[in-house]
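Colleague: 3D model of this:
(chains A and B)
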Amino acid sequence: MWFWVIAASVACLAQKLLGYLVPSKALENPRVAYAAGGVTVGLLAALSVTQTFADGSTLVLDARLAAVAVAAVALWLRAPFIVVVVLGALTAALLRLAGWG
Amino acid sequence: MSDTTTRHPTRAAVRQGIWVGLATGAYGISFGALSVAAGLSVWQTCALSLLMFTGGSQFAFIGVIGAGGGGLAAAATAFLLGVRNSLYSLQMSPMLRLRGWRRLAGAQVTIDESIAVSMAQHEPTARRAGFWAAGIGVYVFWNLATLGGALLGNVLGDPKQWGLDGAAAAAFIALLWPRLRERQAQVIGVAAAVVAAVAVPLAPAGIPILAAGAAAAAVAWWGYRPASADATAKGMV
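Modeller: This is a model prediction of the structure:
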């Protein structure tokens, strides 16, 4: 695991360095910028789905779904990130304490 | 506030940066706790915050590992989520005009928050000050909070009992939420979510994420309309 931790970290740092090393106009194609933004949205959506429904290689409905529902309501009410995360944990923990999921 | 902003734009930018650093850095607690819950050691967790230092990529890395995915899939997902940082640095480069070791330092603190604080200022000096204050502020507090969260997470025991898996799911929704304002972004998000859900039973952990990322790239690439891109890119990148 250490190898991948270091490799991924170095790769992410190289990404940041890239823009400071190449001449400014090189990557300014707006379509590339748009697609890069799309990838960010797509990956976060996919991660949201797997973190909520995946259990190994099966899809399940458990306390995490309720946690996400509560998180979504909190986000809709403009709660800050840390509050959303804590509410998610509380929801899942309380439901498990009650014997569900 | 508006009074101080007009009289001392640079000082106001620095103050803003430090507050953003404190507020954002605190999220490091959840990252640290979730990372050890995903099976990484305290030192590996700290290495991610010290070296990778880009929140979305770090959460993605431990998300894939925690779901049973391999190191390669975790690294690839983290890398793809970091693509926007290249666009940020490209944007900041002419303004910061960095040389030597400062270039490496500037690159490392090129993240969502430092760019946001910088862009919120009106004068070039204040923009540079805001970038460094927010970048260094987040770096310091994020790493301290990561260590705290990792140590705390280690003594908690079973992460599920404390709802940490619910916290992880909530964290990703919170990262996604502000990027869904535009119609096109919503379409891309739904497409990626469907691909991921369909792929979970079919492919080993980690692969569904990458497949969804590829689908999102395709939808964005072919759905690109120059007129709509300006508004959308601001929300999505």
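
Colleague: And the pLDDT for the residue lying closest to B:Ala76 once chain neighbours are set aside?
Modeller: Leaving aside its sequence neighbours, B:Ala76 sits nearest to B:Leu210 (C-beta to C-beta, 6 or more residues apart in numbering or on different chains; 5.9 Å). Heads up, the C-betas are built off the backbone N, CA and C, glycines and all. At B:Leu210, the pLDDT value in this model is 89.

Colleague: what do you get for B:Ser86?
Modeller: If you check B:Ser86, the pLDDT there is 89.

Colleague: contacting residues around it?
Modeller: When the contact criterion is C-beta atoms under 8 Å, 6 or more residues apart in numbering or on different chains, the partners of B:Ser86 are A:Gln15, A:Lys16, A:Leu18, A:Gly19, A:Leu27, A:Ala36.

Colleague: now swap in B:Gly149 and tell me
Modeller: B:Gly28, B:Ile29, B:Ser30, B:Phe31, B:Gly32, B:Ala33, B:Leu34, B:Ser35.

Colleague: Just give the number of residues close to A:Gly37.
Modeller: The burial count assigned to A:Gly37 is 27, neighbours taken as other C-beta atoms under 10 Å in any protein chain shown.

Colleague: Wait, B:Gln121 touches B:Ala133, no?
Modeller: No. Assessed by C-beta atoms under 8 Å, B:Gln121 is found out of contact with B:Ala133, at 10.4 Å.

Colleague: Which residue of the two possesses the greater neighbour count?
Modeller: A side-by-side neighbour count of B:Gln121 and B:Ala133, using other C-beta under 10 Å, places B:Ala133 first with 25 against 21.

Colleague: Tell me the gap between the lengthiest helix in chain B and the middle of its chain.
Modeller: Using DSSP state H, we find that the single longest helix of chain B is helix B:124-156. On the basis of C-alpha atoms, centre = their mean, to the nearest Å, helix B:124-156 sits 12 Å off its chain's mean C-alpha point.

Colleague: Identify each buried residue in it, please.
Modeller: Residues B:126-139, B:141-147, B:149-150, B:153 are the ones in helix B:124-156 that count as buried (16 or more other C-beta atoms under 10 Å in any protein chain shown).

Colleague: Would you indicate which residues of the helix or strand that comes right after it are buried?
Modeller: Of the helices and strands lying after helix B:124-156 in sequence (DSSP states H and E), the nearest is helix B:164-176. The neighbour-count check on helix B:164-176 (16+ other C-beta under 10 Å) flags B:164-176 as buried.

Colleague: For these, give me a markdown table that also has distance to chain A and pLDDT.
Modeller: As requested, the buried residues of helix B:164-176 are exported to a markdown table (distance: C-beta to the nearest C-beta, whole Å; pLDDT from 0 to 100):
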| residue | distance to chain A | pLDDT |
| --- | --- | --- |
| B:Leu164 | 6 | 89 |
| B:Asp165 | 6 | 91 |
| B:Gly166 | 3 | 94 |
| B:Ala167 | 4 | 92 |
| B:Ala168 | 5 | 88 |
| B:Ala169 | 4 | 93 |
| B:Ala170 | 3 | 94 |
| B:Ala171 | 5 | 88 |
| B:Phe172 | 4 | 90 |
| B:Ile173 | 5 | 94 |
| B:Ala174 | 5 | 92 |
| B:Leu175 | 5 | 86 |
| B:Leu176 | 4 | 93 |
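
Colleague: Within the helices and strands, which one has the nearest residue to B:Leu176 once chain neighbours are set aside?
Modeller: Of all residues not flanking B:Leu176 in the chain, A:Leu44 sits nearest, at 4.0 Å (C-beta to C-beta, 6+ apart). In the assignment (DSSP H and E), A:Leu44 maps to helix A:30-53.

Colleague: what's that helix packed up against?
Modeller: Using 3 or more C-beta pairs under 8 Å, 6 or more residues apart in numbering or on different chains; DSSP states H and E, the elements in contact with helix A:30-53 are helix A:63-76, helix B:55-66, helix B:71-81, helix B:83-96, helix B:164-176, helix B:183-199, helix B:207-222, helix B:226-236.

Colleague: In it, which residues are buried?
Modeller: Buried residues in helix A:30-53, counted by 16+ other C-beta under 10 Å: A:33-53.

Colleague: Relative to the whole chain's centre, how far out is it?
Modeller: Computed by C-alpha atoms, centre = their mean, the chain-centroid distance of helix A:30-53 equals 9 Å.

Colleague: so what's the residue nearest the centre of chain A up against?
Modeller: In chain A, the centroid-proximal residue (C-alpha atoms, centre = their mean) is A:Leu44; its distance is 4.3 Å. A:Leu44 is in contact with B:Gly56, B:Leu81, B:Phe172, B:Leu175, B:Leu176, B:Arg179, B:Gly189, counting by C-beta under 8 Å, 6+ apart.

Colleague: shaky segments in chain A?
Modeller: Low-confidence segments of chain A (pLDDT under 70): A:24-28.

Colleague: Quick check: most distant residue from the centroid of it.
Modeller: Of all residues in chain A, A:Pro23 has its C-alpha farthest from the mean position, at 31.3 Å, by C-alpha atoms, centre = their mean.
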